[in-house]
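**Student:** generate a structure from the sequence data that follows.
(2 chains)
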Amino acid sequence: MDFINHQLFIKDINVHIDPILPKKTAIITHGHADHARFGHDHVIATRQTIDIMKIRYGDKCAKRFTPLRYGQKYSIKNFDFTLYPAGHILGSAQVLIEKNNHRLVITGDYKVGKDETCKNFKLVKCDTLITEATFGLPIFQHPDPKDEIQKLIQSVKINKHNCHIVGAYALGKAQRVMNLLRQQKYNETIYIHGSLEKLCEYYSKEKINIGKFEKVSSKDKNFYEGKIIIAPPSALKDRWSRRFPNPIICLASGWMTVKQRAKQQGIELPLVISDHSDWNELLDTIKKSKAKNILITHGQEDALVYYCKKQNLVSKPLSIQGRGDEEIE
Amino acid sequence: MKKFSSLLHNLILTPSRNTKIKLLQDYFKILDINRAYALAILSNQLSFQFIKASKLRELVYEQVDQHLFDYSYDYVGDLAETISLIWPTKKEGKSQNLSTLIENIKKIKKSEINTEFSKILSELSNNERWTLIKICTGGLRIGVSERLVKTALADLYNKSVNEIEEIWHGLEFPYENLFQWLKNETSKPKIDFKKLFHPMMLANPIDEEKDFKRLNANEFQAEYKWDGIRVQLMVSLKSVSLYSRTGDNISSAFPEIIETTKGDAVIDGELLVGRNFRPSGFNDLQQRLNRKKASKDLQKKFPVFIRAYDILFYKGKDLRKLSLVERRKYLEKFQQENKTNQIDLSSIINFSSWDKLTTYKNNFHDDLNEGVMIKLKNSEYLPGRKKGYWYKWKKNPKLVDAILMYAQRGHGKRSSYYSDFTFGVWKESELVPIGKAYSGYTDKELLVLDKFIRNNTINKFGPVREVKKEIILEVAFDDVFPSTRHKSGVAMRFPRIHRIRWDKPVNEVLTISEFKKEFKLS
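**Tutor:** Below you'll find the model as predicted:
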């Protein structure tokens, strides 16, 4: 595992995983902006991740693209790369790197729980595991997302004269919330912030059931009474949200576990819906991977490092530049 | 319990005052005994003798790894929330009434607390657990003041909130007389006002620019503002008791006052430590605070007295509607009649113009007062912080520039932000910490500091981050004392961040010996 450094860079063959700056060859785990950037020479990723990058940054966001299917091996010199589903968002992947019989897995962002909007997480056994730790504290034990989405549906039923604005990250979380609503038989049109439109269309095209949606327009104010509107979290505090009748501000995020967090952000209806693994899932993945060497990237790494050491696993944190320790998912 | 805990959950999350009132009213509409429990909890009148924060920590350490708990607590910044989230989920038991649950907990024997209370915690839902722990630790911090609770009740039954306020301290759980009166079933509860703690009259800070232009100096008098603790002394022929500003009975901690005071009155004043009515500083007073009892030795070493400045009742007569000047006459009369070594009077500063008062304030070099109080001569004694009657005018704080050294996440509304700052000055080529501050900065400055800390951490000690020594904080503080407990040899009183000094290079910060010299500590 000395072949990869703390920036997830393989010097021997000049390959980076999720680099922040433009590089020659970049393997991209998924389309979120802190992982997928503009301007690489060569991008290797799943077809969906490449599609999403093109939607967000334009067709020419890289000079060359190599789409890989899950499970398909790709070799550069004596390194073999294989992508496996990470269950985080549509197209998200873990990267298995094999060299001289050493198996190293970079999980990227992942969640173990079920999700109809993407291929579900597949456990890959390995010698070295580089795992994320966004929710790497034992206080994070995500509830069943169905119960959370029911809270939203019930609140819509009770508060007939309010509209509900749900903050959800534009890629992945927004569509997951829509899909969860559909699973719970909410069949009304869902209204979306303009910045979600292209990605929602893409999810629909990929046959993900997000149901009927429509971009918010300058309709009569009262039109939105009783409706659900989905917007990126940044829009919640913006003037944009003031145009709606008595909005109830909701946010779908794993951070909403902590009431103090919700309060700080002015969230009235927190929905604990996460696209990352919770504490128990992180521990379970570490255990089942059989890896003896655990490296922990962005998140609450301290507690997880402590836990691994207690289990006699070699563990240390990796601090990757450009990833804050607490980001919106 | 389900209902009450979702009330608290909703209260903490709604920013709107009106919504909060509505939520409270919806709850108070239920007519059973649970609402009395709710009222007691919301007004901080319910607590369990054996279950406090330290006991809860002990219990949680039995359930989860101590380090993992500490990491989590550092992140969440709220004990109740951390415990409720981290507590291993068991099968939820049958939901209990708030009243049943509380009575059951009260019945637990001290020797069985650990097993019995843990069992209760395990059977509650997350949110109920949070609520119960909040009740145990006291101080809900859910953005609902006692006043708001009373307002919600008053509005619900078309009464005025001041009427409730007046009788509040004479009411007792389960408040049957209150609820009956609210529903117009009986007349207003009769309260023995002489035995009752009376909410204190509080002062607003003066705005020198605006207020001095607006207010007529002749209508005001001034007194020194002493740096002690505010007390209400209730003296009757039968008993003497002493209350803190929040209405807690603190008699047992100050036996010399209780034993020597005579007469029949309710007195408002400042409790100070000192001999012959010479106060000796807050540091000495601190030796007497937060104690249930005071040994003879302690009484001898740090004797206390009360500097009286107002009187609310005299021989059963309610003086609160009289003017300050009239009340003062009664106060002087009381003091003449009942002279002791434990009570003296706050002296009055007369002045003819605001300029005169300013000169007076600036030239008065006694370190023991912290400014002046400015009071309207014909003001009634009004509970709460009403505008236009009493003002406080603090001395200008002392200032020092110091270098940010360490940071830690804050609690409550600042939880998860790096908002607790340790700062220091030079000692040869190294820095030595001189204090720690949690407040004073603007929201914007907090964001800047938080970001700086995250990006410039050079070391982590558990929850504490050491940062690059680049940021200079201008720290304001009320006073500084020599201290043997701190490495630097100094202890500050009420330090807060005044501003960030972007303009100053770190090598221009004082050394510890220069600091001591400047503030006359050596």
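**Student:** give me phi/psi at whichever residue of the stretch 151-300 of chain B sits closest to chain A?
**Tutor:** Sorted by distance to chain A under CB to the nearest CB, the residues of the stretch 151-300 of chain B start with residue B:152, at 18.6 Å. In this view, the C-beta of every residue, glycine as well, is placed from N, C-alpha and C. Reported as degrees, to the nearest 10, the phi and psi values for residue B:152 are phi -60, psi -40.
**Student:** residue contacts, it?
**Tutor:** B:20-21, B:24-25, B:28 (CB atoms under 8 Å, 6 or more residues apart in numbering or on different chains).
**Student:** where are the low-confidence patches of chain A?
**Tutor:** A:1, A:319-329 (pLDDT under 70).
**Student:** so the residue of the stretch 151-300 of chain B closest to chain A versus residue B:29, what's the distance?
**Tutor:** 11 Å (CB to CB, to the nearest Å).
**Student:** same deal with residue A:45?
**Tutor:** For residue A:45, the distance to residue B:29 equals 58 Å [CB to CB].
**Student:** between these two, which one's more packed in?
**Tutor:** residue A:45 (29 against 9; other CB atoms under 10 Å in any protein chain shown).
**Student:** wait, that one touches residue A:91, no?
**Tutor:** Yes - at 7.4 Å, residue A:45 counts as touching residue A:91 under the criterion of CB atoms under 8 Å.
**Student:** gap between stretch B:205-225 and the chain center?
**Tutor:** Here stretch B:205-225 is found 26 Å from its chain centre; the criterion is CA atoms, centre = their mean, to the nearest Å.
**Student:** end-to-end on it?
**Tutor:** In stretch B:205-225, first residue to last residue: 12 Å (CA to CA, to the nearest Å).
**Student:** helices or strands up against the least confident helix or strand in chain B by mean pLDDT?
**Tutor:** When the helices and strands of chain B are compared on mean pLDDT, DSSP states H and E, helix B:282-286 comes out lowest with a mean of 80. Identification of packing neighbours for helix B:282-286 by 3 or more CB pairs under 8 Å, 6 or more residues apart in numbering or on different chains; DSSP states H and E yields strand B:265-275, strand B:490-493.
**Student:** which of the ones you listed has the lowest average pLDDT?
**Tutor:** Out of the helices and strands packed on helix B:282-286, strand B:490-493 stands lowest, with a mean of 88 (criterion: mean pLDDT).
**Student:** for that strand, which strands pair with it and how are they oriented?
**Tutor:** Listed by DSSP bridges, the sheet partners of strand B:490-493 and their directions read strand B:479-482 (antiparallel).
**Student:** now what about the strand it pairs with, what contacts it?
**Tutor:** Applying CB under 8 Å, 6+ apart, the set of residues contacting strand B:479-482 is B:227, B:281-283, B:367, B:398, B:489-494, B:519, B:521.
**Student:** max pairwise distance over the residues you listed: which two?
**Tutor:** Largest separation among the contacts of strand B:479-482 by CB to CB: B:227 and B:489, giving 22.0 Å.
**Student:** which residues of chain B score low on pLDDT?
**Tutor:** B:90, B:193-195, B:365-368, B:412-413.
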